[in-house]
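Participant: have a look at this prediction, sequence included:
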Amino acid sequence: MEYRIEISPLPKWPDSRGRSVAVQIKNLLAMDVDEVGVREVYTIAADITAAEAERISAELANPVLQRGILGESDWRRFDWLISVGFLPGVTDNVGRSAHNAVGDIIGRELRDDEFVFSSIEYLVKGAALSESDVERIGKDLLANELIESINIYSSANRNPIPLNLPFMLDAESGVVKTYDLEVADDELMKISGDGVLALSLEEMKAIQNYFRTALDRSKFELSDQPTDVELELLAQTWSEHCKHKIFDAEIEYEDENGNVERIVSCYKSFIKKSTREIGERIDWLVSVFHDNAGVVRFNDEYDLAYKVETHNSPSALDPYGGAMTGIVGVNRDPLGTGRGCDLLINVWGYCLGSPFTPAEEVPDGLLHPRRLRDGIHKGVIDGGNQSGIPYGLGWEYFDERYLGKPLVYCGTVGLLPREIGGTPGHEKTIKPGDLVVMAGGRIGKDGIHGATFSSEELHGESPVQAVQIGDPITQKMMSDFIKEARSASLYRFITDNGAGGLSSSIGEMAEHSGGCGMDLAKAPVKYAGLQPWEILVSEAQERMSFAVPPENWEAFKKLADKRDVEVSALGEFTDDGKFHMLYNGKTVAWIDLDFMHNGLPRMKLNAKWTPPSFSEPELPESANLAVDALKLVERLNVCSNEYKARQYDHEVKGLSVIKPFVGRGRDVSGDATVSMCAPMSKEGIILSAGILPRYSDIDTYHMMACVIELAIRRIIAAGGKPDAIAGLDNFCWPDPVQSEKTPDGEYKLAQLVRANKALYDYTKAFNTPCVSGKDSMKNDCNLGGKKISIPPTVLFSAITKIDDVSKALSLDAKFAGDDVYVIGTTKPELGGSEYYASMNAVGNNVPKVDAELAAKTHHAVSAVTDAELARSAHAPALGGLSVGFAKVAMAGRLGLEIDFDAIPAESGMTAAEILFSESAARFILTAAPESSAEIAELLAGVPYAKVGKVVEEPEARFTSANLADANFALPLDAMLKSYKTPLDEV
Amino acid sequence: MSKTVETLIITGVGLNCERETAKAFDIAGAVSTLIHLNDLLEDGSRLGDFDILAFIGGFSFGDHLGAGSVFSNKIKHRLRGELERFVSDGKLVIGICNGFQTLTRLGLLPALDGEYFTQQVALSLNDSTHFRDDWVNLKAEPASPCIFTKGLDQVSLPIRHGEGKFVADDDVIARIEGESLVVLRYCDENGSTDCAFPANPNGSINNIAGICDTTGRVFGMMPHPEAFLSPYNAPNWQERKISGDLPDEGEGVVLFRNAVEYIRRG
């Protein structure tokens, strides 16, 4: 029987959800509505009686707040009803929980062929609203048509609302097609394009050639042409997303003087090389680059794993689902590192277009950046909070070039026991005969072609199925289960199912034993109608893959059942060198592992560096620095995003020591965060990051140098030491391959080479090895006749251990009377700065890093914090000293008196240059006057000066005998207003 | 030798504060045991082995159908008898955040007229309509019979929830107030309960942050005492360290110690 259960708020309580929707309609869509009501609907299709359904409707409702009824209540005092449900096949997490709860109420678990679908009904009152207005409310605010259904009813229509029953239509399963690759080149490319395979002609020909020479296929009743399973498998395995083809390419790089250099793999020549060379002189690298996350030594009990990912393309299409998948997806990286980490801290960061972008400037086919931003935040908020993992770092960076493709960075820190079951926790093996086991969510059509699609630019026909929806609770239950299975040593190997699904996870695992054979029909599916190739490449979420020794299978399965985690043995690992897929016992793919992993032809590319030249902005002789300084604090890249950030949990687990927002009002974003590694532990973890995309406009070499130095400097400012900092590099690039679509590909590739060169130079100089990284290479968008490419963007994340969290430090001035120090020399380096950007200029003097002096400065400041002589420390970045002083004062709710002439600066600089330059390797410190002599001793040899005092008077006052315009004051109130207002309630 | 105090912490199904809650009871002198909800539902008699039962924070079943709904539904249908016995045996129950939401859904709080398992109050969506993480100040009601907050005056703790607005019908509120069942109220940093957002982070009626039943042995609160065990959790620990008045432990510990001592005294 089918029943509709409707749960509405009792009229005696204000409907805050409805009110909030009404406000959004007004603010975001500029429409007037009188009132909005919201009610939840559960549609049940199950063998239950009407009396049971009656009971369910009463029990599902919260009796103090809500009323639950069977059927439909009269809603016609409103004008319109908008019903939002999920499209068939889309994960309905709420419906799943209701399915569970209904079972408890009626005293028997509902079967898989009994359904509960959730939907939401918005009741809208507004006399002036037309049907098309209401449609807009549905499409532009309430639902995403890629995954959700929108049905609109007018109160004039007296018929009952039809039941929301998005059943999947029964379709044939197990269909395998064969491709004919003995065709002309343009036909090969058509096969690649039509199938969203993202394979180049050279790659298609390599596959064609493999099948011409493959032997013994007839043994398994296979023809000498690839099945769709085989072709899809190779497309996933060889995707840019999985194989990092551009980072592995052979590049001919020509510099500005015509010198030509041949680079075989940027990854191996710069990133890996630096880490390998640093690794020879340090002893704390445990496992780098080859596992799902980088692993470094932490203490006697634990190692530390850290991974940061991007999830850009899915977030562009479905910001909520895409971003949620970003965070719960990256959780699975440490979970699948070694034999499985405990998840400790999340990080997030987004590069976005301004939420205030006028709607007409957004190309057709793109979501407005405000909607994108709201959805992305909500997705990561729900994903992170529901997983019970606090966030340790969160930031946003705005530039109009992220309008076409937002960058969504999500990362996770995990603790890996150094020993599991008597062997090192980071080691994992697979023996032939071990079972191929999949655990977690079921497979559906969601996330098919995610890996290949993200290897393309965003275009009008981007596949809807590439969007996945995460379910943090399914994953939480699975990760709890994994912890128990790990303690009992029930598996030998674990890895996550991410991009490429089983094809990628089992494909990689098979390399460890030397082969595998599995039957795709044994994989649990959400609904009928999935073909074998879809089962293999689906990126349905919340899944991990294991190698389970056959003797442990029973115990593994039993534990999983008790924890409501679905596990299936799909086959076994072998050592026959083959990746062998069956479907109900019949072979559907049989490919040499060696060809799968090593048959991909290396790309050959050209790069040519021509340094750009920008006009310098004309600075007024005498600037009104007070006005300019306040304007900088107000800029989107500087101001507070606390309204959004406070919606993320940062205190769960009870580990937070230096929080994301610091100071008296807990409302100024800090440099880095410090967390204990366990409740009440003395040892802790410091996290920081650096991202400076506008510097790339001038030279990606210096951009890279600056982000590395900034991330390290922020660690130092929080009380860390420079000796054992590990780095993570996340490259997001516009397409750097020269083509008709990308006429400046050689320049963009040169930018990539230069960033890599700097990565090598500076990680080596700072002794900061990269332990993990990721690249995302096609961040362009071609829509509405307009191409938007992101600026080359590198997020450099840093992590280190702090031995004693009581020595950690935040940036807020603590006590009036303390001395203010500026450490490091300010140079006229305003190229790419926030100040120039505020004048719509780029300039040319991008900050450069003197690695030797910077390292010396880091060590000296670290000695000061280690001796507990500093009371606050800050690493100024965007907006230079101007924003730096403002943050120190605002956070401390104290004033500053700064002698401008004392600031260490190159001679001849104007006041504006000194205030707004973004020179690297600088700190602002406050300390008690009695510490002065000791500090002087520790800072000897580093440029620094005492520049003033912390004062009670609520203003930052600057004085100068030499520079007339450098005499001004910034009232605390005005600074706080500028800092806190722009994104308040946005 | 003093009696061993046994605490049961229910885990799994999306709950996530088990580690710090266990630590809190452990440093207060109890022995904590974590049991997955499914295992407890299978053998409810295990409840009898314990003195204190903790419903911890997290997102049981993703807060779907309202925070605590699916979880309390399971308990109500499958563990009701054992839980009734636990309470009538004079043992202690604490619900924190999702646990508080669950206790109200179960009707274990406030249980006016001894009517356990009838829901009388609710924790609804925050006025802001979204989740909020912040530190708040709380004033303890000296007249409340609550075991956990004996001797407590003012305390600062983190809150992290989206559904924490305490609501009930006027007559229920009047009874709760009249019978001194309000345990904790949100206040400003000077201890005044005449305060609004953000001091009251969710719009709770009468700034109510925690209540107990008439015995004082069943207690629920939205803020997280288990997330303030270390003095270094406090947002202002640096100033206090410099001034030399940083305490040895966080302000959340006392609630757990009170509970353990109550059981130990018998």
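Facilitator: In hand now; what should we look at?
Participant: which pLDDT value goes with the closest residue to chain A within chain B?
Facilitator: Across chain B, the shortest distance to chain A (C-beta to the nearest C-beta) belongs to residue B:16, at 2.5 Å. Heads up, the C-betas are built off the backbone N, CA and C, glycines and all. Predicted confidence (pLDDT) for residue B:16: 96.
Participant: test my guess that it contacts residue A:388.
Facilitator: Yes: taking contacts as C-beta atoms under 8 Å, residue B:16 lies within contact range of residue A:388: 2.5 Å.
Participant: anything in contact with each of these two?
Facilitator: Jointly contacting residue B:16 and residue A:388 under the rule C-beta atoms under 8 Å, 6 or more residues apart in numbering or on different chains are A:476, A:652, A:653, B:58, B:59.
Participant: any idea how many residues pack against the fourth one?
Facilitator: By other C-beta atoms under 10 Å in any protein chain shown, the residues close to residue B:58 number 29.
Participant: repeat for the second one
Facilitator: The local packing count at residue A:652 equals 26, with neighbours defined by other C-beta under 10 Å.
Participant: next up, phi/psi of it, please.
Facilitator: Main-chain dihedrals, residue A:652, degrees, to the nearest 10: phi -60, psi 150.
Participant: which bits of the stretch 151-266 of chain B sit near chain A?
Facilitator: Proximity of the stretch 151-266 of chain B to chain A, by C-beta under 8 Å from any C-beta of the partner chain, involves residues B:158, B:160, B:167-169, B:224, B:226-230, B:232-233, B:235-239, B:241-242.
Participant: what sits against residue B:234?
Facilitator: So residue B:234 contacts B:156, B:228, B:240, B:250, B:251 (C-beta under 8 Å, 6+ apart).
Participant: excluding its backbone neighbours, what's nearest the last one?
Facilitator: The reference is to residue B:251. Spatial nearest neighbour of residue B:251, chain neighbours left out: residue B:155 (4.8 Å); criterion: C-beta to C-beta, 6 or more residues apart in numbering or on different chains.
Participant: okay, and the one you found sits in which element?
Facilitator: Residue B:155 belongs to strand B:154-161 when assigned by DSSP states H and E.
Participant: partner strands of that strand, parallel or antiparallel?
Facilitator: For strand B:154-161, the paired strands and their directions (DSSP bridges) are strand B:132-140 (antiparallel).
Participant: neighbours of residue 75, how many?
Facilitator: Since no chain was named, I'll use chain A. Residues near residue A:75, counting by other C-beta under 10 Å, number 20.
Participant: sorry, I should have been clearer: chain B.
Facilitator: Neighbour tally, residue B:75, other C-beta under 10 Å: 25.
Participant: so is it in a helix, a strand, or just coil?
Facilitator: Following DSSP: H, G, I helix; E, B strand; the rest coil, residue B:75 is assigned to helix.
Participant: how close does it get to residue A:113?
Facilitator: 28 Å (C-beta to C-beta, to the nearest Å).
Participant: could I get the full set of strands for the stretch 101-250 of chain B?
Facilitator: Along the stretch 101-250 of chain B, counting by DSSP state E, counting those that start in this stretch, strands occupy B:122-124, B:132-140, B:154-161, B:165-167, B:182-187, B:208-212, B:218-221.
Participant: show me what from the stretch 1-150 of chain A comes close to chain B.
Facilitator: Counting by C-beta under 8 Å from any C-beta, the stretch 1-150 of chain A sits next to chain B at A:12-13, A:16-17, A:20, A:40, A:59-60, A:62-66, A:93-94, A:96-98, A:100-101, A:104-105, A:107.
Participant: quick one: buried residues of stretch A:950-962?
Facilitator: Under the neighbour-count criterion of 16 or more other C-beta atoms under 10 Å in any protein chain shown, stretch A:950-962 has A:950, A:951, A:954, A:955, A:956, A:957, A:958, A:959, A:960 buried.
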